[in-house]
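**Q** Take a look and give me a structure for this.
(one chain, ligands or ions: 1)
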Amino acid sequence: MSLDLVDVTVRPGAAPPLFPPLCLRIGRGEVTTVMGPSGIGKSTLLDAVAGHLAPPFRLDGTLTLNGTDLRRLKPEARRIGLMFQDAVLFPHLSVGDNLAFGLARSVRGRGARRDAVEAVLEQAGLAGFRDRDPASLSGGQRSRAALMRTLLADPAALLLDEPFSGLDAGRRDDIRRFTFDHIRRRNIPALLVTHDPQDAEAAGGAVIALGGAGRTGVGGAA
Ligand SMILES: Nc1ncnc2c1ncn2[C@@H]1O[C@H](COP(=O)(O)OP(=O)(O)OP(=O)(O)O)[C@@H](O)[C@H]1O
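**A** So this is what the prediction gives:
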């Protein structure tokens, strides 16, 4: 059970690929970090995995999640959670309704949905915040709520694009630990894009430098 990339790269139309073919195997509960210079295509790689690649970009290579060919699936069928910098909560919904918005459709019934939201609020240290306006939360509280909203959708893998860079230094350590603990607890593979070596270190998994010469890769698929 893993997220596997075999000889994956992205081409803008007929132009050369943005980066040399990448091979990665990310096991359950593991976080692999992708680093590299600005413009090399890190965010575009995440778009490709999530299924949001827009023209003129084209994907080359093989992408599988737990053995399923992701390229055959529409984005919404891939069960991939996304977490970005400056996570945004819907301003017109309460914190609890924001989280319920992410809740997997498999959780049915008002009581069950409310219980699921209460449980993650508690895990996120946000017990009692259900009816609060998102604008009344600190940056760190908002980040935790946004991560929980993503996890409530019960993703089979998680993609993180500079998720901690909008946070002040004091908060960053807490949110990092919280995020990586949750990925391990959920036992899902995660792919992290960052410029911050401390993120890579805290992630604790393989670190890939995108944009070096030749084929790039780690893990069983390399
Ligand atoms: N229409 C296009 N045709 C050709 N190249 C394009 C087109 N649109 C974007 N690009 C290039 O594709 C690359 C996409 O970069 P991307 O945002 O994925 O990089 P990144 O590594 O995430 O950068 P950063 O670290 O700055 O966020 C850039 O080099 C950009 O110039």
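
**Q** What are the contacting residues of the lengthiest helix in the chain?
**A** Among the segments of the chain that qualify as a helix by DSSP state H, the longest is helix 169-186. With contact meaning C-beta atoms under 8 Å, 6 or more residues apart in numbering, helix 169-186 is reached by 29, 31, 83, 123-124, 138-140, 143-144, 147, 151, 158, 160, 163-164, 167, 190, 198-199, 202-204. For every residue, glycine as well, the C-beta is placed using N, CA and C.

**Q** Quick check: the gap between the nearest residue to residue 51 once chain neighbours are set aside and residue 119.
**A** Nearest residue to residue 51, sequence neighbours excluded (C-beta to C-beta, 6 or more residues apart in numbering): residue 75, at 3.5 Å. To residue 119, residue 75 is 27 Å away according to C-beta to C-beta, to the nearest Å.

**Q** now do residue 30
**A** Residue 30 is 25 Å from residue 119, by C-beta to C-beta.

**Q** who has more neighbours, the two?
**A** residue 30 (21 against 13; other C-beta atoms under 10 Å).

**Q** what's the closest non-adjacent residue to the more buried one?
**A** Counting by C-beta to C-beta, 6+ apart, the residue nearest residue 30 is residue 205, at 4.8 Å.

**Q** Can you get me a residue count around the one you found?
**A** 21.

**Q** Would you quantify the distance from the residue nearest to the spatial centre of the chain to residue 96?
**A** By C-alpha atoms, centre = their mean, the chain has its centre lying nearest to residue 159, at 2.2 Å. Applying C-beta to C-beta, the value for residue 159 to residue 96 is 25 Å.

**Q** go on, residue 10?
**A** Residue 10 sits 38 Å away from residue 96, going by C-beta to C-beta.

**Q** next one: residue 129
**A** 8 Å.

**Q** Which residues of this protein lie near the ligand?
**A** 12, 15, 18, 36, 38, 39, 40, 41, 42, 43, 44, 56 (C-beta under 6 Å from any ligand atom).

**Q** tell me the SS of the second one?
**A** The reference is to residue 15. State at residue 15, reduced to three classes by DSSP: H, G, I helix; E, B strand; the rest coil: coil.

**Q** Show me how far the longest helix of the chain is from its chain's centre.
**A** Centroid separation between helix 169-186 and its chain, computed with C-alpha atoms, centre = their mean, to the nearest Å, is 13 Å.

**Q** next helix or strand past the top strand by length along the chain?
**A** For the chain, the strand with the greatest residue count under DSSP state E is strand 2-12. From strand 2-12 onward toward the C-terminus, using DSSP states H and E, the following helix or strand is strand 22-27.

**Q** Go through that next one and flag the buried ones.
**A** 22, 23, 24, 25, 26, 27 (16 or more other C-beta atoms under 10 Å).

**Q** The second one against residue 7, yeah?
**A** Yes. The pair residue 23 and residue 7 qualifies as a contact (C-beta atoms under 8 Å) at a distance of 6.3 Å.
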